[in-house]
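**Student:** show me the folded form of this:
(one chain, ligands or ions: 1)
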Amino acid sequence: MWKRSARGRTQNWKPRPRGGARPGAEPRPPPPVVPRPADDTSWDEVASWYDALVGEKGSSYHRDIVIPGALRLLAPRPKESVLDLACGQGVFCRALHKLGVAVTGVDASERLISLARSRSSPTIRYEVADARSMAALPRQGFDAVACLLAIENIDSVGPVFAECARVLRPGGRLVLVIMHPCFRIPRQSGWGWDEGRQLQFRRVDSYLSEMKVPIQVHPGSDPGQITWTFHRPLAAYVKALASAGLLVQTLEEWPSTRVSQPGLRAQAENRARDEIPMFLALKAVSIDASAPPPTQPREPSRPSGRARMARRPRRKDGPRNKKK
Ligand SMILES: C[S@@+](CC[C@H](N)C(=O)[O-])C[C@H]1O[C@@H](n2cnc3c(N)ncnc32)[C@H](O)[C@@H]1O
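**Tutor:** Model prediction:
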C-alpha cells in the first residue's frame, strides 16, 4: 500500500523499526522513495477522518438519500450475492447484510477495509482490491453490484465497468450513485444569488471537459491532505457502461434534503436545492455479450411503391387506370 508522507513525498509505507542506530553501526541508507502510482486514488490517508464522518449508519446524506435510494434501485433479495465496490468503511455492506444478503465489500484502502471489518459482522467478506482489477472475485459470481459515491473517485471508469460486467451474472444489476456530474463539478460549479430576481441559481462554468481535481480534506489545518475527484460528463458514464455490456435501465436524480435556517433567502435557497439535484443514480443491467443476438421475428419486407404497382395483377378487363 502506498502512502504520501507528511512532507508530500511519496514512499512505500511500512512501519519503521523502532529505536535509533546502534553505536558504531553503518549509517542506514535512507528508505527508497518509490513514487505512489499516479492513479492510486485510495482514501487510506484520510481513513480515520472518513470513518468518523460516516460512522456506523452513514452520514446524513447516506441515511436520508443515498442508502434508501440505492436499496430501492438494487432491490436485493435475501441470499442474493451483492458486491459493494469501493465500499469504504462498509456502511452500505452493513445495510445490505441486514436484509439477509450475502455481501462482499471491496476497497483500495487497507485502513478503511480494516475499519469495515471492525464495524461489521464477520459474515461480510471484505477484500482490499483495486476496483479496476479484482482477480480474487469470481466471474459471474454476483447477482448485483453497487458503487456508492465512489466511481467519481476512481481514475478511469472503463476497467471498473469491465470488471463489473465480468463479476455479474447475465441479467445482474449494477447501481451507481454519483455526485451529480451536471451540477456538482468541483471548482467549476456553485450557488449564486440573482439580486434582481431574488433567486438562488446554480452556475456551471465547465462541463464537457474531463478533469482530475484534488479536493483538500482539511483546507485550514492540513492543506496537503487531499483526495482526488474525476469529473466526467454524463455521456462518458453511459458510453463506458454500454461498451462494457451494461445497459442503462433507470436514471434518477435526487435533490438534497437539507433545509435552510429561517432567513431572508431561505425560501429561495430551499427552492433551488429542491430543483437542482445533488446526486445521480444509474441502474444498468448486464447483458451476456457472448450470447448470440436475440432473433427478431422478421416482418416481410415492404416493397416500394413502384414495386407494389409492378406486382399488382393486371386487371383482365383492360388497362389499370381505365375508368368504366
Ligand atoms: C467517498 S469514498 C465512498 C466510500 C463508500 N462507498 C461510502 O459510501 O461511504 C470513495 C472510496 O473509493 C475508494 N477508492 C478509490 N479508488 C479506488 C479504486 N481504484 N479501487 C477501489 N476503491 C477505490 C476509496 O478508498 C474510498 O473508500
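**Student:** count the neighbours of Gln198 for me.
**Tutor:** Residues within reach of Gln198, counting by other Cβ atoms under 10 Å, total 11. C-betas here are computed from N, CA, C, even on glycine.
**Student:** what about the closest residue in space to it that isn't next to it in sequence, helix or strand, and which?
**Tutor:** Once flanking residues are discounted, Gln198 sits nearest to Ala268: 6.3 Å by Cβ to Cβ, 6 or more residues apart in numbering. Using DSSP states H and E, Ala268 sits within helix 266-275.
**Student:** for that helix, which helices and strands make contact with it?
**Tutor:** strand 199-204 (3 or more Cβ pairs under 8 Å, 6 or more residues apart in numbering; DSSP states H and E).
**Student:** give me the contacts around the helix holding Ala268.
**Tutor:** Residues outside helix 266-275 that contact it (Cβ atoms under 8 Å, 6 or more residues apart in numbering) are Trp191, Gln198, Leu199, Gln200, Phe201, Arg202, Pro255, Ser256, Arg258, Val259, Ser260.
**Student:** could you give the bridge partners of the third one?
**Tutor:** Put plainly, it is Leu199. Beta-bridge partners for Leu199, by DSSP bridges, are Asp194.
**Student:** what sits against it?
**Tutor:** Contacts of Leu199 by Cβ under 8 Å, 6+ apart are Trp193, Ala268, Arg271, Ala272.
**Student:** from those residues, which single one is nearest Gly171?
**Tutor:** Nearest to Gly171, judged by Cβ to Cβ, of the contacts of Leu199 is Ala272 at 39.7 Å.
**Student:** ok so, going back, hmm, which of the contacts of helix 266-275 are the buried ones?
**Tutor:** In the contacts of helix 266-275, burial by neighbour count holds for Gln200, Ser256, counting by 16 or more other Cβ atoms under 10 Å.
**Student:** got JSON lines for the contacts of helix 266-275, with distance to Gly100 and pLDDT too?
**Tutor:** As requested, these are exported to JSON lines (distance: Cβ to Cβ, whole Å; pLDDT from 0 to 100):
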{"residue": "Trp191", "distance to Gly100": "42", "pLDDT": "98"}
{"residue": "Gln198", "distance to Gly100": "51", "pLDDT": "97"}
{"residue": "Leu199", "distance to Gly100": "47", "pLDDT": "97"}
{"residue": "Gln200", "distance to Gly100": "43", "pLDDT": "98"}
{"residue": "Phe201", "distance to Gly100": "45", "pLDDT": "98"}
{"residue": "Arg202", "distance to Gly100": "40", "pLDDT": "98"}
{"residue": "Pro255", "distance to Gly100": "31", "pLDDT": "98"}
{"residue": "Ser256", "distance to Gly100": "31", "pLDDT": "98"}
{"residue": "Arg258", "distance to Gly100": "32", "pLDDT": "96"}
{"residue": "Val259", "distance to Gly100": "35", "pLDDT": "97"}
{"residue": "Ser260", "distance to Gly100": "39", "pLDDT": "97"}
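**Student:** looking at the contacts of helix 266-275, which is nearest the ligand?
**Tutor:** Set against the ligand, the nearest of the contacts of helix 266-275 by Cβ to the nearest ligand atom is Ser256 (15.9 Å).
**Student:** residues near the residue of the stretch 51-200 of the chain found nearest the ligand, how many?
**Tutor:** Going by Cβ to the nearest ligand atom, the ligand is nearest to Gly88 of the stretch 51-200 of the chain, at 2.7 Å. The burial count assigned to Gly88 is 27, neighbours taken as other Cβ under 10 Å.
**Student:** which residues touch Pro78?
**Tutor:** Leu99, Gly100, Val101.
**Student:** need those residues in CSV with neighbour count and distance to the ligand, can you?
**Tutor:** Below are the contacts of Pro78 laid out as CSV (neighbours: other Cβ atoms under 10 Å; distance: Cβ to the nearest ligand atom, whole Å):
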residue, neighbour count, distance to the ligand
Leu99, 15, 17
Gly100, 12, 21
Val101, 23, 16
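**Student:** just how off-centre is stretch 241-253 within its chain?
**Tutor:** When distances are taken as Cα atoms, centre = their mean, to the nearest Å, stretch 241-253 is centred 12 Å away from the chain's centroid.
**Student:** which residues touch that stretch?
**Tutor:** 69, 73, 158, 161-162, 164-165, 174, 180, 238, 277, 279-289.
**Student:** narrow those to those in helices?
**Tutor:** Secondary structure from DSSP state H places Gly69, Leu73, Gly158, Phe161, Ala162, Cys164, Ala165, Val238 of the contacts of stretch 241-253 in helices.
**Student:** buried subset of those residues?
**Tutor:** Neighbour counting by 16+ other Cβ under 10 Å classes Gly69, Leu73, Phe161, Ala162, Cys164, Ala165, Val238 among these as buried.
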